[in-house]
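In: Need coordinates for the below:
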Amino acid sequence: MKRYRQVLAVPGMTWLLAVSLLARVAITADVMALTLYVVLGLNRSYLAAGAVAAAVTLGLVLGGPLLGRVIDRRGARIVLLGTVAVQVMFWLTVPIVPYPVLLGTALVSGLLMVPAQAVTRQAITAMTTAGQRRTAFALESVQGELSYVVGPPIVILCAANFSPGVVAWGVGAVVVAGGIGLAVLDPPLRAGDELDAGTQGRPRRREWLGARMIAVLIMAFGTTMLLAGIDIAIVATLKAAEQVSWAAVVVAVYGVASIAGGLIYGALSRPLPTSLLLGLLGLVTIPAGLAPNWPWLCVAGVGAGLLTAPTLSTVAEAVSRLAPVGVRGEATGLHSSALSAGFALGSPVVGVAIDASVPGAGFAAAGLVGIAAALTGGLLSRRSSPARLPEATVSGSP
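Out: Residues are numbered from 1 along each chain as shown. Modelled structure (predicted):
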């Protein structure tokens with residue numbers, strides 16, 4: 001626990017993680033809130049709700065690097081306040097605009113979503129030393145897992161007791177509160193010895209978006225594609241076993257195991273390569289397809305869960321090491337876009353495998369996606385000479 005005490009003792013770190021968690025819980029739950037509003041509030045189909053969710057996700061994918069470039073040039077506070085203003089307008093109008101307008105504004109909302117993840121990751125890089133960074137990113141990954149475990153279930157519970165429109169307003173209010181909190185904190189995005197980097201101009205994209213960075217982004221994409229595939233495979237397997245009501249328990253086991261894995265990994269003295277962690281995650285996911293019921297899915301989920309947060313944290317750390325300070329915002333935005341794209345594509349790709357075979361095939365498809373991304377990332381990372389980037393390794397090694 002010494003490593004965690006050192007990280008949390010960094011001035012401003014505890015407040016940064018706390019406020020960021022508030023924002024991320026709401027941002028994680030916003031798609032669920034919009035889905036329930038379209039289905040229950042507007043009495044439309046799940047297809048219509050899925051279109052709104054897709055619009056938000058598309059906006060997130062496109063907006064990450066764009067907001068990152070503005071952060072690089074103007075700083076975090078102006079971007080946070082600007083996106084907060086957009087979110088206020090969007091969430092206030094959700095319960096009163098017709099569906100076609102909601103579909104269009106959902107895209108804008110995703111495009112200009114409060115960049116809580118990106119700002120937090122850049123701040124962690126700036127506020128910590130090289131020796132503290134892996135532990136700090138492990139905490140950030142645990143924070144992400146907590147947001148997925150807490151956010152959507154709270155929205156579902158509230159939707160059962162309140163109007164879907166009121167729930168949407170509540171989620172929007174928390175998104176706005178988190179964004180304002182981060183703007184008030186205005187955490188540093190550059191370390192003391194990096195403050196003059198902006199005067200040196202932005203490096204050209206081809207100078208930093210090389211094989212190693214592309215390898216990291218591929219593995220980020222593969223990781224979330226795998227995780228989204230696991231979610232739909234769990235539902236399909238339990239539906240076949242007539243145990244869908246236990247899905248929340250299985251997902252919770254995965255989440256708790258991931259939190260434990262992240263905390264364990266952050267306390268280790270040596271890092272592990274991202275490609276190794278992702279490959280192992282893919283391998284341990286495949287046998288879950290043999291689980292006949294929810295208890296066995298819980299058992300299978302422990303192994304995969306223990307590797308989830310460590311894999312996500314090594315990806316985030318690798319991006320922070322590979323990105324020059326002048327383009328750190330854009331690189332972190334690309335990282336966020338890769339994660340969002342993986343989540344968006346994972347469900348339909350694995351769903352095709354399930355429809356073409358049996359529910360258990362979903363776990364095999366998800367695992368193979370992870371393995372393929374790990375192999376591709378590992379091979380690409382070797383194309384760049386270590387001499388060119390002495391501190392930037394996909395494995396996160398110093």
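In: tell me the centre residue of the protein?
Out: Nearest to the geometric centre of the chain sits Leu339, at 5.5 Å (CA atoms, centre = their mean).
In: helix or strand for that residue, which one?
Out: Leu339 is part of helix 328-356, with elements assigned from DSSP states H and E.
In: Who are the packing partners of that helix?
Out: helix 46-74, helix 116-127, helix 211-240, helix 294-322, helix 361-381 (3 or more CB pairs under 8 Å, 6 or more residues apart in numbering; DSSP states H and E). In this view, the C-beta of every residue, glycine as well, is placed from N, C-alpha and C.
In: Pull the residues that contact the shortest one.
Out: Same thing as helix 116-127. Where contact means CB atoms under 8 Å, 6 or more residues apart in numbering, the residues beyond helix 116-127 that reach it are 10-13, 16-17, 20, 23-24, 27, 64, 67-68, 71, 76, 80, 133, 136-137, 140, 143-144, 178-179, 182, 187-191, 194, 316, 319-320, 328-329, 332-333, 335-336.
In: Any quick ChimeraX command for the buried ones out of those residues?
Out: The ChimeraX command for the buried members of these (criterion: 16 or more other CB atoms under 10 Å) is given here:
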select :13,16,17,20,23,24,27,64,67,68,71,76,80,133,136,137,140,143,144,178,179,182,187,188,189,190,194,316,319,320,328,329,332,333,335,336
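In: and the nearest residue in space to the residue nearest to the centre of the chain that is not next to it in sequence, how many neighbours does it have?
Out: Once flanking residues are discounted, Leu339 sits nearest to Thr224: 4.8 Å by CB to CB, 6 or more residues apart in numbering. Applying other CB atoms under 10 Å, we find 23 residues neighbouring Thr224.
In: pretty sure Thr224 contacts Val349?
Out: No: contact criterion CB atoms under 8 Å: Thr224 and Val349 do not qualify, at 11.9 Å.
In: got any residues that touch both of those two?
Out: Going by CB under 8 Å, 6+ apart, no residue sits against Thr224 while also sitting against Val349.
In: Just the CA trace of stretch 38-51, in PDB.
Out: Output of stretch 38-51 as PDB, limited to C-alpha atoms (Å, rounded to 0.1, in the frame of the first residue of the first chain):
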ATOM      1  CA  VAL A  38     -36.400   6.700 -25.700                       C
ATOM      2  CA  VAL A  39     -38.000   3.300 -24.800                       C
ATOM      3  CA  LEU A  40     -40.000   4.300 -21.700                       C
ATOM      4  CA  GLY A  41     -40.500   8.100 -22.200                       C
ATOM      5  CA  LEU A  42     -41.000   8.200 -25.900                       C
ATOM      6  CA  ASN A  43     -42.400   4.700 -26.300                       C
ATOM      7  CA  ARG A  44     -40.100   4.000 -29.200                       C
ATOM      8  CA  SER A  45     -38.300   0.800 -30.100                       C
ATOM      9  CA  TYR A  46     -35.000  -0.400 -28.900                       C
ATOM     10  CA  LEU A  47     -33.700   0.200 -32.400                       C
ATOM     11  CA  ALA A  48     -34.500   3.800 -32.000                       C
ATOM     12  CA  ALA A  49     -32.800   3.900 -28.700                       C
ATOM     13  CA  GLY A  50     -29.800   2.200 -30.200                       C
ATOM     14  CA  ALA A  51     -29.600   4.900 -32.800                       C
END
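In: List the buried residues in that stretch.
Out: Buried residues in stretch 38-51 (16+ other CB under 10 Å): 38-42, 44, 48-51.
In: State the mean pLDDT of that stretch.
Out: Per-region confidence: stretch 38-51 scores 88 on mean pLDDT.
In: do stretch 240-258 as well
Out: 88.
In: Please enumerate residues in contact with it?
Out: With contact meaning CB under 8 Å, 6+ apart, stretch 240-258 is reached by 142, 145-146, 148-149, 153, 230-231, 234-235, 238, 292-294, 297-298, 301-306, 308-309, 358-359.
In: Could the C-alpha coordinates of it be exported in PDB?
Out: Output in PDB follows, covering the C-alpha atoms of stretch 240-258 (Å, rounded to 0.1, in the frame of the first residue of the first chain):
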ATOM      1  CA  ALA A 240     -30.100 -19.700 -23.300                       C
ATOM      2  CA  ALA A 241     -30.000 -21.000 -19.700                       C
ATOM      3  CA  GLU A 242     -33.100 -19.000 -18.700                       C
ATOM      4  CA  GLN A 243     -31.100 -17.100 -16.100                       C
ATOM      5  CA  VAL A 244     -31.000 -13.600 -17.500                       C
ATOM      6  CA  SER A 245     -32.000 -12.200 -14.100                       C
ATOM      7  CA  TRP A 246     -28.500 -13.200 -12.800                       C
ATOM      8  CA  ALA A 247     -26.700 -11.100 -15.400                       C
ATOM      9  CA  ALA A 248     -26.200  -8.200 -13.000                       C
ATOM     10  CA  VAL A 249     -24.500 -10.600 -10.500                       C
ATOM     11  CA  VAL A 250     -22.100 -12.000 -13.200                       C
ATOM     12  CA  VAL A 251     -21.200  -8.500 -14.400                       C
ATOM     13  CA  ALA A 252     -20.600  -7.400 -10.800                       C
ATOM     14  CA  VAL A 253     -18.200 -10.200 -10.300                       C
ATOM     15  CA  TYR A 254     -16.300  -9.200 -13.400                       C
ATOM     16  CA  GLY A 255     -16.200  -5.600 -12.100                       C
ATOM     17  CA  VAL A 256     -15.100  -6.500  -8.600                       C
ATOM     18  CA  ALA A 257     -12.400  -8.800  -9.900                       C
ATOM     19  CA  SER A 258     -11.200  -6.100 -12.200                       C
END
